[in-house]
Every structure is written in C-alpha cells, then in structure tokens.
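Undergrad: Return atomic coordinates for the entry below.
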Amino acid sequence: MAKKKRIWYPGAVYHITNRGNRRADIFRDEEDYQVYLTILEQTMDKYPYILYTYCLMTNHIHLQLETKDVEIWHIMRNINLLYTKYFNNKYNFIGHLFQGRYKSEIIENDTYNLETSRYIHLNPVKANMVDTPIEYKWSSYGIYMGQRKSEIVSEEKILSYFKNNDRKLYKVYVESKLIDEKIQQKMGVE
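TA: I've put the predicted structure just below:
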C-alpha cells in the first residue's frame, strides 16, 4: 500500500512526533540529546525551517516547527537519517531506530499552535519524569522561561499570543493546566 502524501505548503506548521522502534530508547545519555539538538541546527542550515518548541523524551521526540520553502519530508528525512547513523554507529546497531514514519499533524490556527506548545512542554510532567516542566532539561521550556539561550528555537510566535510577549503569562498558561488536572484528580473527575 502506498504511503499517503503529507500535506505541505510554504509556511506550514506541524506537530511532529517520532518514537523509537519497539518503543526502545533513542536517547541513552546526555551526548545523545546534544547530538540530536546539533542535528536539528545542521538541518536548519541545510533546509531552513523555524523551530517553535521541542521535547526530547527518552524514547520519542516532539517538534513544533514551521517550514519555509522546503517540504517537511526533506527536513525530517535529514534529521532522522543523521541521528540514526550517529546512534547506530555509537551503539553498534544496524537497522531502523524509529518506529515507522514520523507522525505529523498540521497546525492551521493560532489556538492549536498555542495548545501544541503547551502539550509539548508538559510532556515530561505527564510522563511523571518531573513535577514541573522547567525541571526537564531536554525541552525548549527553559528557553521560553529565559533560563537558557538557543540558536535554534524561535519563541517570538508563541510568545506573541501574550500581552507584551510576556514569558510569565506563558508560564501561567502552560502550568495552569497542571493545576486544573490536580484539582480534577482530587475531585475524582476524569
């Protein structure tokens, strides 16, 4: 059966996810995370795109990105190929690192764009890896909170949804979801 062609147009925004084959870890140590971030930057130089948010979990990744003049499949093929070569070489593996094709959801409005950024930044909290998103080192949340600088993440679009591009308002937006869920759990509401 032929693969369904992905929707693409210049300026298309996506939520990309990709999971390790058989849900295996794709990041085993700090170097692996750093190499992946370097590959994102190298790919950005070769196939320009705008990276809004990211979260690198142990066995999968989340990227929120906007394409420019290059189709999404060129960008993701380059990222996945370079990282797979690195990983297989380092750990003396052969074959597929990722479980099938990466998943991509097109984001066509501002509300969904903002919600996607929150979802990505809360991913390590939902996985019970940390209590708050700022604790997780391998996501762009620390960049949004002004704790780190980044050559590859562009915060402007997401922060533009808040008065004066206020990072504190973005923090309230993201972390209020955690408070709402804790209240619902205490009340027994799903």
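Undergrad: for residue 105, what are its contacts?
TA: 14, 15, 116 (C-beta atoms under 8 Å, 6 or more residues apart in numbering). In short, each C-beta sits where N, CA and C put it, glycine included.
Undergrad: at 10 Å instead, please
TA: By C-beta atoms under 10 Å, 6 or more residues apart in numbering, the contact list for residue 105 reads 7, 13, 14, 15, 16, 17, 64, 112, 116.
Undergrad: same deal with residue 106?
TA: Listed by C-beta under 10 Å, 6+ apart, the contact set of residue 106 reads 6, 7, 8, 9, 12, 13, 14, 15, 72, 112.
Undergrad: at 6 Å instead, please
TA: Taking C-beta atoms under 6 Å, 6 or more residues apart in numbering, we find residue 106 in contact with 7, 14.
Undergrad: hey, what's it bridged with?
TA: Beta bridges link residue 106 to residue 14 when assigned by DSSP bridges.
Undergrad: Read off the pLDDT value for it.
TA: Confidence at residue 106, expressed as pLDDT, is 97.
Undergrad: And the one 3 residues further on, by the same measure?
TA: In the predicted model, residue 109 carries a pLDDT score of 97.
Undergrad: what's the answer for residue 185, then?
TA: If you check residue 185, the pLDDT there is 58.
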